[in-house]
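*Asks:* sequence first, then the predicted structure, then my questions.
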Amino acid sequence: MGEDVITEMTYQDGDWQKTVERINSAVDNRQTSGRAVVLGNGPSRTEHHDQLFDFLKNHKGGLLAAGAVQTYGCNAIVRDFLPDFVVANDEVASELVNGGHCDQTIIYGTAQMVLSYPGKFYLVPQNPNWNMGATAAYLACFDGHKQVYLMGFDLHSGHTDYQFNVYAGTPGYPDTLSPTTETNFINALLQVMKLYPDVDFVRVSPTKDYYMPDSWKYQLNLRQITFREFVLEVDLG
């Protein structure tokens, strides 16, 4: 795994000539099942908080871990659960470093975080510049997973007068009653689903008919299930 990086550009004969270098990924992700769980920080995740984290910590994946899932999370998720991979922004960088989390798992961050804390963070491949939830889902696909479960990917049905995040009002996050919008979140995740049409995206929600944006309803590679259905579908022993 890796990416092509433009290292030099020269203008010649009326056109720009690019010098491209292939940079191998610093993270060697040897996942076995092609299945990932991406943990967003929406309130629905807390409905099965303890059960969910116990399940993920103890999940064996059947014989030879053939069905084991890898976990991806965002920002302050480390306060409650330590996923295999975390995507973070500048606001929580010092917390992650001082808490020792960078030494316990792989954490992707911004270029500024990489420069400010050498050896602690990894750059997100291709730097898509999306919100953390969409970026975590993108990383799961980038790593080769073909089935990606989305948990805590809640939306607020048009409400813009409060933060739909379990960590709102805590260090590194806006106040609970700060204005917000879901437009960027919706569009970013939609781009991820379109970018990886061969990936089965499974949104785990409180109910099967939980609110879903109109633009997501037409994605053939997105389906919605309940938490109980998730446990039955993923638990291979």
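*Replies:* Perfect, thanks for sending it.
*Asks:* next, the residue nearest the centre of the chain: phi, psi?
*Replies:* With distances taken as Cα atoms, centre = their mean, the chain has A136 as the residue nearest its mean C-alpha position (1.6 Å). Main-chain torsions, A136, degrees, to the nearest 10: phi -60, psi -40.
*Asks:* which residues does it contact?
*Replies:* When the contact criterion is Cβ atoms under 8 Å, 6 or more residues apart in numbering, the partners of A136 are V38, L39, G40, Y72, G73, C74, F85, V87. Every residue, glycine included, has its C-beta placed from N, CA and C.
*Asks:* burial measure for the last one, as a count.
*Replies:* Burial of V87, expressed as a neighbour count using other Cβ atoms under 10 Å, amounts to 27.
*Asks:* for M212, see how far away it is.
*Replies:* Counting by Cβ to Cβ, to the nearest Å, the gap between V87 and M212 amounts to 23 Å.
*Asks:* ditto for the fifth one
*Replies:* If you measure G73 against M212 using Cβ to Cβ, the figure is 22 Å.
*Asks:* give me the pLDDT for T180.
*Replies:* Residue-level confidence at T180 comes out at 75, pLDDT.
*Asks:* contact partners for the closest residue to it other than its chain neighbours?
*Replies:* Taking Cβ to Cβ, 6 or more residues apart in numbering as the measure, T180 lies nearest to Q163, with 5.4 Å between them; neighbours along the chain are not counted. For Q163, the contact set (Cβ under 8 Å, 6+ apart) comprises G169, Y173, P174, D175, T176, L177, S178, T180.
*Asks:* returning to what we had before: now for the contacts of A136: which two are most distant?
*Replies:* By the measure Cβ to Cβ, G40 and F85 form the most distant pair in these, at 13.9 Å.
*Asks:* of those two, which one has the most company?
*Replies:* Using other Cβ under 10 Å as the criterion, G40 and F85 rank with G40 on top: 28 against 21.
*Asks:* now do the contacts for the nearest residue to that one once chain neighbours are set aside.
*Replies:* Sequence neighbours aside, G152 is the residue nearest to G40 in space, at 3.6 Å (criterion: Cβ to Cβ, 6+ apart). For G152, the residues meeting the contact criterion (Cβ under 8 Å, 6+ apart) are L39, G40, N41, G42, P43, S44, R45, V166.
*Asks:* tell me the spacing between G152 and E91.
*Replies:* Look at G152 and E91: by Cβ to Cβ, they are 19 Å apart.
*Asks:* Q104 too?
*Replies:* Using Cβ to Cβ, one gets 20 Å for the distance from Q104 to E91.
*Asks:* coming back round to it: quick one: which of the contacts of A136 sit in strands?
*Replies:* With strands identified by DSSP state E, the entries of the contacts of A136 that belong to them are V38, L39, Y72, G73, C74, F85, V87.
*Asks:* same list, these, but as TSV with distance to I186 and pLDDT please.
*Replies:* Conversion of the ones in strands among the contacts of A136 to TSV gives the following (distance: Cβ to Cβ, whole Å; pLDDT from 0 to 100):
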residue	distance to I186	pLDDT
V38	16	97
L39	19	97
Y72	19	97
G73	20	97
C74	16	96
F85	23	96
V87	18	97
